[in-house]
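>>> let me see the structure of the following:
(chains A, B, C and D)
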Protein chains: 2
Amino acid sequence: MANRSDTKTRILDAAEKLFAERGFSETSLRLITSKAEVNLASVNYHFGSKKELIRAVLARYLDRFMPEASDAVVQLKQGSEPSLNEIFSSLVKPLLELNKFKADGTRTFLQLLGRGYIESQGHLRWFITTHYGEHLSEFVKAVAESAPHIPPAEMFWRLHFTLGTVVFTMASADALTEIAEADFNEHNDIEAVIRKVIPYLAAGVAVPVTTQ
Amino acid sequence: MANRSDTKTRILDAAEKLFAERGFSETSLRLITSKAEVNLASVNYHFGSKKELIRAVLARYLDRFMPEASDAVVQLKQGSEPSLNEIFSSLVKPLLELNKFKADGTRTFLQLLGRGYIESQGHLRWFITTHYGEHLSEFVKAVAESAPHIPPAEMFWRLHFTLGTVVFTMASADALTEIAEADFNEHNDIEAVIRKVIPYLAAGVAVPVTTQ
DNA sequence: GTTTAATTTAAACACACGTTTAAATCAGAG
DNA sequence: CTCTGATTTAAACGTGTGTTTAAATTAAAC
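The predicted structure is shown next:
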């Protein structure tokens, strides 16, 4: 069998960059293959379809991030009663690790996640919960335990509010950092944004339920 | 001149429903015109292009909501020092007013806003700030005054976190209420979701800045 | 009732998309 | 070297898109 083929990798690399920047449906296979300098048909040859290419792009990051993230949460719980801030903060290192895998990997991953959740009309939600459900529930459990005054149904909503904040912020992170630079002369890399959002999220998740 | 033409309205009505449900780029003019039972070409005749149709759909809601919303904020400030919770809550009535304009108008408007911010790659941001900037800054000013311990640059980020929460939650509100009903046997209409999100947002916006 | 302008209609246009095909090329095994 | 299977390639396919055209129809003005 012949297999030197970095073609697959070239496609994934070009695709993830374009997907993150402009979204999935706005990125054509022709654009991907021209940036990757491979033949158009090679996408279907190696991945079957565009949909499966999207999954492959996401999986390459999720496979790295998810185990590390849930490990971090589990390890954090070894100590005594982590705060919400600490739980969220424990995800920062796994996130930044992605920069070692690829330049700007953290930003790319978060933007992909954002695009995915927004565009896929619930399809990505299914993909993640079925493939990474155990890692995910480790995180959810830790959050729930550290805010025991929030009933489960309320926590469900708040975690999705949180997801929304992260996902939207990351999908528009480029535009926002530009505006912030222009209006406040304040330069923010992706890590700075992550560190800004954590206290915001933690406060919202833990705020007492008002029965007005 | 001939003008019985509810054609324009029929198009707007069908378009807003489909846009809210499935997003702008996922909704073809052929689907819109078939649901509206009008001819395909009438969209371009009455609106010029799909892009201008999208703007018209959004404007119909924004023209109703924005003045009412900023009025509500201004009126609230007549009293003494409204809290963040009160400021956010003052938007609920204007939002629910949209249900009088059209059945399910509140949900439709918020979903359109969500889709718009997500899909339009900054274009809607420009449209709203140039057309409704004065109404908007009334709201921003009120929020800033009620949380004077947050520096302007930090507030910029937190308001966009807030926007993200709202926009994402509303864009996926249908899916989320379904899941909540299945998993927690808890039925939520759009008003219930709005009332859930307000304390979450207010807590995040006002949380003290940590200089760790 | 005739004229005029606005509107509606069916058809076609031009283009971009994801996918498929079949031939050409390549690399490794025997 | 030869053969075999994997990979790459150029071309075409079929479909769906927003938009345009030019004729038909409608409604109001004179």
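
>>> ok, the lengthiest helix in chain A near chain B or not?
Secondary structure of chain A per DSSP state H: the longest helix is helix A:50-78. No - among the residues of helix A:50-78, none lie within reach of chain B under C-beta under 8 Å from any C-beta of the partner chain; the closest is 14.5 Å away. Glycine gets a C-beta too; all of them are placed from N, C-alpha and C.

>>> all helices for chain A, in order.
According to DSSP H, the helices that chain A contains are A:7-22, A:29-36, A:41-47, A:50-78, A:84-89, A:92-101, A:105-119, A:123-146, A:152-171, A:173-184, A:190-206.

>>> quick one: contacts for the closest residue to residue A:15 other than its chain neighbours?
Closest residue in space to residue A:15, ignoring its immediate chain neighbours: residue A:32 at 4.9 Å, by C-beta to C-beta, 6 or more residues apart in numbering or on different chains. Residues near residue A:32 by C-beta atoms under 8 Å, 6 or more residues apart in numbering or on different chains: A:11, A:14-15, A:18, A:43.

>>> from these, which is closest to DNA strand C?
Closest approach between the contacts of residue A:32 and DNA strand C, by C-beta to the nearest atom of the strand: residue A:43, at 6.6 Å.

>>> so the closest one touches residue A:33, yeah?
Yes - under the criterion of C-beta atoms under 8 Å, residue A:43 makes contact with residue A:33 at 6.3 Å.

>>> now for those two: what residues contact both?
residue A:11.

>>> contact residues of chain A facing DNA strand C?
Applying C-beta under 7 Å from any atom of the strand, one finds that chain A approaches DNA strand C through A:1-2, A:4, A:27-31, A:40-41, A:43-44, A:49-51.

>>> contacts only, for the closest residue in space to residue A:86 that isn't next to it in sequence.
Excluding the flanking residues, the one nearest residue A:86 by C-beta to C-beta, 6+ apart is residue A:76, at 6.3 Å. Counting by C-beta under 8 Å, 6+ apart, residue A:76 touches A:82, A:86-87, A:90, A:142.

>>> mind putting the helices of chain A into CSV with distance to residue B:131 and mean pLDDT?
Shown next, in CSV, are the helices of chain A (distance: least, C-beta to C-beta, whole Å; pLDDT from 0 to 100):
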stretch, distance to residue B:131, mean pLDDT
helix A:7-22, 25, 96
helix A:29-36, 32, 98
helix A:41-47, 41, 97
helix A:50-78, 35, 96
helix A:84-89, 37, 96
helix A:92-101, 37, 95
helix A:105-119, 24, 89
helix A:123-146, 33, 92
helix A:152-171, 22, 92
helix A:173-184, 18, 90
helix A:190-206, 28, 95
